[in-house]
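Colleague: Only the shape, not the letters, is given here:
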């Protein structure tokens, strides 16, 4: 397929590389920052542009991978070309595109992307939604050229997925950062914790996380929890995070399931 | 070495297997529950006992792997044998053993263990502390027969390590459980999130977590954060966790470092 990519950030960069490797033709890469557009364009053999006025109509699909807030501004500038327009966001409804075009879809890769971290795109779940069955099928076909995990997910489900991903990925990564900072403060290396972090994630390949919860909270070890809170004296936010997460672990170990 | 293991839980089980595989002789395994002692004893060729009165004095070291609170009760029953006594806890000071014996040490494997999840013990960091240089060296030697990551860590440092591990492992695993519950509530499979969780952990092999933070909070995407909080309406604890962690991510992305 001939693909035009709107954006040059983390998602755009990884998606462009995967699409290029799958044999698709990247026609143009747009970024308001010409240097960013040129860098990505160079890597995937696409023409770099920094103005949407320079869009080439000879393409099959526009893939928008920009900040959520910018999507609605960009779509009306692409809709006159009468080609499929998809966004890659977990949080934006299909309706945002449908306000401007009928050939709308969503192509949401459920993964955390950093430009400096390579990954195997074949494992990335891609969540597809199309305004019509035809578009859905077109997107599914495209997705299957770069991933083994292609799902049909509607806008309501996608929002829940995105929210779940914030807990499982963004918050988790922040807890890694908290632990690194604690170690650094006491002149210890984060290397000591890396095997633990990897094993914690590895466990959920085969186990339900609630079934393999470990630590003082699930053991209801009040003595250790009190000692930890004292060690966090003066770090108000970390104390609050410690308390809240410990209480939630205790609550869920009692009920055996998640409720409000 | 001839080793007597006090305990038959997650840590005892994995440690016993690693020590056995390294060619050590497991003399006895103690548990107040004979069935548990017998099960582990069978696997590692040790005599199972359910009373400390049956301790065999023909051993080189007692390794205590029981709940933190039980350690101080057990040590005075082992100290008359005049052999090295070590515990495996992150949170208990060496002093707890020194109250009863001079041949005391700590042998703390910094990992999350579940009986049903195999792991490669060579990667497990083992944190060593001895009452004397002689004991420290003995423990280091023993640790190096089962792990490539052996560290000398004093009691104060070990407590910080343990606290950091609660953030990086226990709390992280709970966030996985939260995300699975959210997906389940909306009839979606946790399988969709597994690649994301693995990649999030994989990233920190080579990156500092704070440097690869992604998601709405670090982007200061107020719109998405508000939408997420609304989706959590009625789930008070999850709303609080969402708010607190998001605020902490924003704060740390502003200052660039962790402070109180």
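Modeller: Alright, I've got the coordinates. Note that the structure is predicted; figures quoted are calculated from it, not measured.
Colleague: Can you identify each of the strands in chain A by residue range?
Modeller: Assigned by DSSP state E, the strands in chain A fall at A:2-6, A:25-30, A:47-49, A:61-64, A:84-87, A:104-109, A:125-130, A:149-152.
Colleague: so what strands line up beside the fifth one?
Modeller: According to DSSP bridges, strand A:84-87 has the following sheet partners: strand A:61-64 (parallel), strand A:104-109 (parallel).
Colleague: before we move on, the earlier item: between the strands of chain A, which one is closest to residue A:215.
Modeller: Among these, the nearest to residue A:215 by CB to CB is strand A:125-130 (28.8 Å). C-beta coordinates here come from the backbone N, C-alpha and C atoms, glycine included.
Colleague: among the strands of chain A, which is the most enclosed?
Modeller: Neighbour counts (mean count of other CB atoms under 10 Å in any protein chain shown) averaged over each of the strands of chain A peak at strand A:84-87, with a mean of 26.
Colleague: Any idea how far it is from the middle of the chain?
Modeller: Remark: strand A:84-87 is offset 18 Å from the chain centroid, using CA atoms, centre = their mean, to the nearest Å.
Colleague: one step back: can you say which of the strands paired with strand A:84-87 is nearest to residue B:201?
Modeller: Between residue B:201 and the strands paired with strand A:84-87, the tightest spacing by CB to CB is seen for strand A:104-109, at 18.2 Å.
Colleague: Kindly reformat the strands paired with strand A:84-87 as CSV containing mean pLDDT.
Modeller: CSV is the format used below for these (pLDDT from 0 to 100):
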stretch, mean pLDDT
strand A:61-64, 98
strand A:104-109, 97
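Colleague: any idea which helix is longest in chain A?
Modeller: helix A:236-255 (DSSP state H).
Colleague: Quick one: check that one for contact with chain B.
Modeller: Yes. Applying CB under 8 Å from any CB of the partner chain, one finds helix A:236-255 touching chain B at A:236-238, A:240-242, A:244-245, A:247-249, A:251-252.
Colleague: Tell me who's in contact with the residue of chain A most remote from its centre.
Modeller: No residue in chain A sits farther from the centre than residue A:223, which is 38.3 Å out by CA atoms, centre = their mean. Counting by CB atoms under 8 Å, 6 or more residues apart in numbering or on different chains, residue A:223 makes contact with B:68-69.
Colleague: care to break chain A down by domain?
Modeller: A:2-153, A:159-255 (automatic domain parsing).
Colleague: Now render the ones you listed as JSON lines, adding distance to residue B:25.
Modeller: Putting the domains of chain A into JSON lines (distance: least, CB to CB, whole Å) gives the following:
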{"stretch": "domain A:2-153", "distance to residue B:25": "44"}
{"stretch": "domain A:159-255", "distance to residue B:25": "27"}
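Colleague: Which one, of these, ends up nearest to residue B:180?
Modeller: Among the domains of chain A, the nearest to residue B:180 by CB to CB is domain A:159-255 (6.0 Å).
Colleague: from the chain's centre, how far out does the closest one sit?
Modeller: Relative to the mean C-alpha coordinate of its chain, domain A:159-255 is positioned 21 Å out (CA atoms, centre = their mean).
Colleague: need the helices for the stretch 1-150 of chain A, in chain order.
Modeller: A:10-21, A:34-44, A:68-78, A:95-98, A:133-144 (DSSP state H, counting those that start in this stretch).
Colleague: Out of those, which one sits most buried?
Modeller: Comparing these by mean neighbour count (mean count of other CB under 10 Å), helix A:10-21 ranks first with a mean of 21.
Colleague: Under the pLDDT cut-off, which ranges of the stretch 151-260 of chain A? List them.
Modeller: Applying pLDDT under 70 to the stretch 151-260 of chain A flags residues A:255-260.
Colleague: So, low pLDDT: which residues of the stretch 1-150 of chain A?
Modeller: For the stretch 1-150 of chain A (pLDDT under 70), the answer is none.
Colleague: which parts of it sit against chain B?
Modeller: A:10, A:67-69, A:91, A:110-114, A:116-117, A:119, A:123-125, A:127, A:149.
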